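Enquirer: what follows is a predicted protein model with its sequence.
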Amino acid sequence: MPLKIIHPDHTEIMGRGLVLLSSPSYTANRRDLDTGQIVEEAALLCKSWAIIAKENKQISMGNETQSAKSDLVKRVNEFVEEYGIRCAILVSGIAEPGITVKSQMADSESEDILDIIRSGLEPHFTVNPKADQSTNTSPGPQINRGKADSSSKHSVHTVRIDLGPEERGFRKDQVVNSIADIVGLINMKLGFSETEEERSSSALD
């Protein structure tokens, strides 16, 4: 079982692989509370890295809210550098039905990752038409992708999956299973392979 570390503003799951799952910081938004639970369950199922934001109760104190969000983004970037994360997936909630997948990168490997995500979701859910992928649409935390900053060791594919009400509700278990399967396929695509020790540990789990 992956180690879960609880912090004041977020929870971290120490997993393995090249994929980081995350959920956004929220205030009174039930949608993102649901997605935080989905991210945690999926990460535990596939033994992936994850950063899950907690509810920010300081809705009236803008500076503290902004500080919590900045700390979360900083921690995401630390995970990217420390653990060699190559793909970051943010899972959030929307009021509209179905699932929308968004990404800002347009190279061939990013397209392959998007194809893996859509192929993992489309047999079970309604995936909305491809969203606008211009640089004006942020898919999630501002992750250092390694292209403009020479101190970064690698680029990171960032994807945002927006879940509708049904997908966060009575279809949650299927969403969790699908995301866990998708993470495994992306890890394979990016060249991650478990060591013999990790396989033995999985068998014991």
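Expert: That came in fine, so what should we check first?

Enquirer: pLDDT below threshold where in the chain?
Expert: Applying pLDDT under 70 to the chain picks out residues 1, 26-31, 56-69, 105-106, 130-154, 195-205.

Enquirer: the helices in it, which residues?
Expert: With helices called from DSSP state H, the chain shows them at 30-46, 62-83, 108-121, 165-168, 172-189, 196-204.

Enquirer: H157 is nearest to which of the ones you listed?
Expert: With CB to CB as the measure, helix 108-121 is the member of those nearest H157 (5.0 Å). (C-beta placed from N, C-alpha, C; glycine too.)

Enquirer: returning to that earlier point: just put the helices of the chain in a markdown table and tack on distance to L90 and mean neighbour count.
Expert: Below are these laid out as a markdown table (distance: least, CB to CB, whole Å; neighbours: other CB atoms under 10 Å):
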| stretch | distance to L90 | mean neighbour count |
| --- | --- | --- |
| helix 30-46 | 9 | 21 |
| helix 62-83 | 9 | 16 |
| helix 108-121 | 12 | 17 |
| helix 165-168 | 14 | 20 |
| helix 172-189 | 12 | 19 |
| helix 196-204 | 26 | 10 |
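
Enquirer: what residues sit buried inside stretch 46-55?
Expert: Judged by neighbour count (16 or more other CB atoms under 10 Å), stretch 46-55 contains these buried residues: 46-54.

Enquirer: for L44, which non-adjacent residue is closest in space?
Expert: Nearest residue to L44, sequence neighbours excluded (CB to CB, 6 or more residues apart in numbering): P2, at 6.1 Å.

Enquirer: run a quick neighbour tally on the nearest residue to I5 once chain neighbours are set aside.
Expert: Here the nearest residue to I5 in space, its sequence neighbours aside, is E12; by CB to CB, 6+ apart that works out to 4.5 Å. One way to gauge burial is a neighbour count; for E12, by other CB atoms under 10 Å, it gives 18.

Enquirer: so E12 bridges to which residues?
Expert: For E12, the residues forming beta bridges with it (DSSP bridges) are I5, I51.

Enquirer: in this structure it contacts A50, no?
Expert: Yes - proximity of E12 to A50 meets the contact threshold set by CB atoms under 8 Å, at 7.1 Å.

Enquirer: bridging residues for R160?
Expert: In this structure, R160 has beta-bridge partners L90, K102, where bridges are defined by DSSP bridges.

Enquirer: now it: how far from K4?
Expert: R160 sits 23 Å away from K4, going by CB to CB, to the nearest Å.

Enquirer: more neighbours: those two, which one.
Expert: More neighbours surround R160 than the other of R160 and K4, with 22 against 15 (other CB under 10 Å).

Enquirer: circling back to that earlier point, contacting residues for the residue nearest to L44?
Expert: P2 makes contacts with 13-16, 43-44, 47-48, as judged by CB atoms under 8 Å, 6 or more residues apart in numbering.
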